[in-house]
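Student: Dropping a prediction and its sequence here:
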Number of protein chains: 2
Amino acid sequence: MSASKESNTIFVGKKPLTNYVLACLTLFQNGTSGITVKARGRAISKAVDVAQILTKRFASEIAVGKINIDTEQMKSTETGAMNNVSSIEIHLGK
Amino acid sequence: MSASKESNTIFVGKKPLTNYVLACLTLFQNGTSGITVKARGRAISKAVDVAQILTKRFASEIAVGKINIDTEQMKSTETGAMNNVSSIEIHLGK
């Protein structure tokens, strides 16, 4: 659950879904009005789950805003080659 | 590669990525100006891959438009219980 330099960005990775939902809820309860949920590769589905669980189950005052998709270059840890990986940014706001 | 009733919707599922990219390219070459790429659950990542490969590698005149995420109720084939599944709709247009 790495919060990036911009403290209101949640980077979704391999941890359980609820960790990220809780991280978002905590940010909102600390007074943040907008959060960006980011993910790469297979974690993209999980990022969408986080946004949906948050807005539909926990906090109906939070709404999904703009969603961006992009491609990022990542170095493979196995082969060292550069791979293209899809990424998503989901903006959530009150 | 199921094209739904709306013939310009591509539903991304378990087939190889390239099948869906090709299906989109075919639709565009047949004169369609807009396509919706839909996916549920884990296939969401693949739908994003399809959109990215299509727009960045094959057809730079096609752009990603609005992206919607939602939750759908699906009946589990194993237990028969209703589950919530996240879904995505990616609009692609010339």
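Tutor: It's in. Residues are numbered from 1 along each chain as shown, chains lettered A, B, ... in the order given.

Student: switch to C-alpha atoms for all contacts and neighbour counts from now on
Tutor: Fine.

Student: Apart from its neighbours in sequence, what residue is nearest A:I53?
Tutor: Leaving aside its sequence neighbours, A:I53 sits nearest to A:V21 (Cα to Cα, 6 or more residues apart in numbering or on different chains; 7.4 Å).

Student: and the one you found, what is it in contact with?
Tutor: A:50-51, A:53-54 (Cα atoms under 8 Å, 6 or more residues apart in numbering or on different chains).

Student: Buried subset of those, written for PyMOL?
Tutor: Typed into PyMOL, the next command selects the buried ones out of the contacts of A:V21 (criterion: 16 or more other Cα atoms under 10 Å in any protein chain shown):
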select buried, chain A and resi 50+51+53+54
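
Student: can you tell me which of the contacts of A:V21 are in helices?
Tutor: Of the positions in these, A:50-51, A:53 sit in helices, assigned by DSSP state H.

Student: mind checking the SS state of the spatially most central residue of chain A?
Tutor: Closest to where the C-alpha atoms of chain A average out (Cα atoms, centre = their mean) is A:V37, at 2.4 Å. Three-state call for A:V37 (DSSP: H, G, I helix; E, B strand; the rest coil): strand.

Student: cool, and A:T18?
Tutor: Assignment for A:T18 (three-state DSSP): helix.

Student: How about the contacts made by the residue nearest to it when sequence neighbours are not counted?
Tutor: In space, A:T18 comes closest to A:V50 once its chain neighbours are excluded; the distance is 7.8 Å by Cα to Cα, 6+ apart. If you count contacts by Cα under 8 Å, 6+ apart, A:V50 has them with A:17-18, A:20-21.

Student: ranking those by neighbours, who comes first?
Tutor: Top of the contacts of A:V50 by neighbour number is A:Y20, holding 24 neighbours under the definition other Cα atoms under 10 Å in any protein chain shown.

Student: That one touches A:K14, doesn't it?
Tutor: No - look at A:Y20 against A:K14 with Cα atoms under 8 Å: they stay out of range, at 10.1 Å.

Student: What separation do you get for the residue of chain A most remote from its centre and chain B?
Tutor: The outermost residue of chain A, judged against the average C-alpha position, is A:T79 (27.0 Å), by Cα atoms, centre = their mean. Distance of A:T79 to chain B, computed by Cα to the nearest Cα, to the nearest Å: 21 Å.

Student: Same question for A:Q52.
Tutor: For A:Q52 relative to chain B (Cα to the nearest Cα), the value is 7 Å.

Student: got it, and A:I88?
Tutor: A:I88 is 8 Å from chain B, by Cα to the nearest Cα.

Student: A:F28 now?
Tutor: 21 Å.

Student: Would you verify that A:T71 is located in a strand?
Tutor: Yes - looking at A:T71 with three-state DSSP, it is inside a strand.
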